[in-house]
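Visitor: Provided below are the primary sequence and the corresponding predicted coordinates.
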Amino acid sequence: MTDSLDPNNFDLKGKKSSKAPIIVIGVLAVGGIGFFAFKSMQTRDARKRHAEFIEGFQKVEKEEVGKFWACVLGQGLDPNALPDNLALSARITSQFGVDPKNYPTRVREECTPKAKDARDKVMALAGPSDYDAAVKKYAESLKEIGAQLDAWTKVAPAQVKDMQIGKALNQAGTAWHSYESGKPSDEVANYDRFLHCAVPTVDKMKDGQALVEFLFGECKKPEYLSSLNEKCGPELIAEPAGPPTKGFAGAHKKLSGDDRELSAFDDCMRKGRKGKRRDDLAEVGKAWVAWREAGIEVRKIGSEALKD
C-alpha cells in the first residue's frame with residue numbers, strides 16, 4: 001500500500017499548482033481595471049453634475065436676474081461690469097432723473113418682484129452640495145437688494161423737488177439776466193429771491209467776479225450746499241411767485257452782464273444733491289457688492305470642478 005503522505009506523491013511542479021499565482025495576478029489586474037473604471041465613471045458623473053448646475057445657474061442669472069437688473073438700470077448694462085457701488089448709485093440716479101415722478105413706483109411695483117422671482121429660481125436649482133453656501137449667499141443678496149430698493153423708493157420722491165429746482169435754475173437765471181424793464185416775470189422774481197437767499201451779501205458785491213469767487217469758496221462747505229438746496233432752492237419754483245427783493249434793481253444793474261454764477265450755482269447744487277442720493281443708495285450698494293461676490297464664488301466653484 002502506498003503511503004499517501006509520501007512526499008514523492010506530490011507533484012510540486014504540476015500544472016494545477018503552477019497556474020495559481022497567474023490566476024491571482026489576473027484577478028488583481030481585472031479588479032484594478034474595474035476600480036479605476038469605476039472611479040473614472042464617478043469623475044465623469046461629478047463633472048456632468050457640475051456642468052449641468054453651472055449651465056442652469058447661468059441661464060437663471062442671464063434670464064431671470066437679468067430681467068430684474070434691466071428693469072432697474074435699463075437695457076444693455078451688465079451690473080457685474082460696474083466698477084464699484086458708487087457707479088451703481090450713479091446709474092440708478094440717472095434712471096431716476098429720466099422719469100423722477102414714476103421711476104420709484106416702477107422700481108417698487110415692477111422691478112423688485114423680479115428680484116424675488118429670480119431668488120426663488122436660483123434656490124430651486126439642484127446641484128452638488130459644494131454650491132450650497134455660495135448659492136444661499138447669492139439668493140439672500142438678491143432678497144436684500146430688493147428690500148433696500150423698496151426702502152429707497154420711499155425716500156426718493158423727496159428728490160423730485162430737488163430735480164425740479166435744478167431744472168428751474170437755468171430758466172429762471174436766464175430770465176433774470178435777460179430782464180430789461182417793466183414788471184419782472186415770476187421767473188425773474190424767483191431767481192432774485194433765490195440769489196439773495198444764497199448770497200445775503202450780494203447787494204454789497206462789486207461785480208460778477210466777486211460773486212463767482214464767493215461761490216467758489218462757499219461751495220466747498222457741506223453746510224452751505226445743504227442750505228443752498230433745502231432753504232434757497234425752493235425759491236426757484238415758488239408758486240405763486242412773490243415780489244422781487246428790495247435789492248433787485250441794484251443787484252441786477254451790477255450783475256446782469258455776467259452770468260457765470262449760473263454755472264457755479266449749478267455745480268454747487270449738483271454736488272449737494274449727489275451727496276444726498278449717494279447716502280440714500282448706500283445700502284443698495286452694499287447688497288450689490290454681496291451679490292456680485294456670491295456670483296463670483298459660485299462660478300469659481302464650477303470652474304475648479306471642471307478643470308481638466
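Guide: Arrived safely.
Visitor: count the neighbours of residue 207 for me.
Guide: Here the number of neighbours of residue 207 (other Cβ atoms under 10 Å) works out to 11. To be clear about C-beta, it is placed using only N, CA and C from the backbone, and glycine gets the same treatment.
Visitor: who's in contact with the most centrally placed residue in the chain?
Guide: What sits nearest the mean C-alpha location of the chain, by Cα atoms, centre = their mean, is residue 88, with 3.8 Å. By Cβ atoms under 8 Å, 6 or more residues apart in numbering, residue 88 lies in contact with 79, 82, 281, 284-285, 288.
Visitor: and stretch 78-86, how far apart are its ends?
Guide: 15 Å (Cα to Cα, to the nearest Å).
Visitor: the stretch 1-150 of the chain: helices as residue ranges?
Guide: According to DSSP state H, counting those that start in this stretch, the stretch 1-150 of the chain carries its helices in the segments 15-60, 66-73, 85-98, 103-106, 112-123, 132-155.
Visitor: show me which residues of the second one are buried.
Guide: By 16 or more other Cβ atoms under 10 Å, the buried positions in helix 66-73 come out as 66-69, 71-73.
Visitor: which of the helices of the stretch 1-150 of the chain sits closest to residue 184?
Guide: Among those, the nearest to residue 184 by Cβ to Cβ is helix 85-98 (30.0 Å).
Visitor: roughly how far is that closest one from the heart of the chain?
Guide: 9 Å (Cα atoms, centre = their mean, to the nearest Å).
Visitor: and what of stretch 162-175?
Guide: For stretch 162-175 - counting by Cα atoms, centre = their mean - the centre lies 30 Å from the chain centre.
Visitor: what's the average pLDDT for that stretch?
Guide: For stretch 162-175, mean pLDDT rounds to 91.
Visitor: ok, now how distant is residue 74 from residue 274?
Guide: Separation of residue 74 from residue 274 (Cβ to Cβ, to the nearest Å): 19 Å.
Visitor: contact partners for residue 85?
Guide: Per Cβ under 8 Å, 6+ apart, neighbours of residue 85: 282, 284-286, 288-289.
Visitor: of all these, the one with the weakest confidence?
Guide: residue 282 (91).
Visitor: burial check on it, number of neighbours?
Guide: Residues near residue 282, counting by other Cβ under 10 Å: 14.
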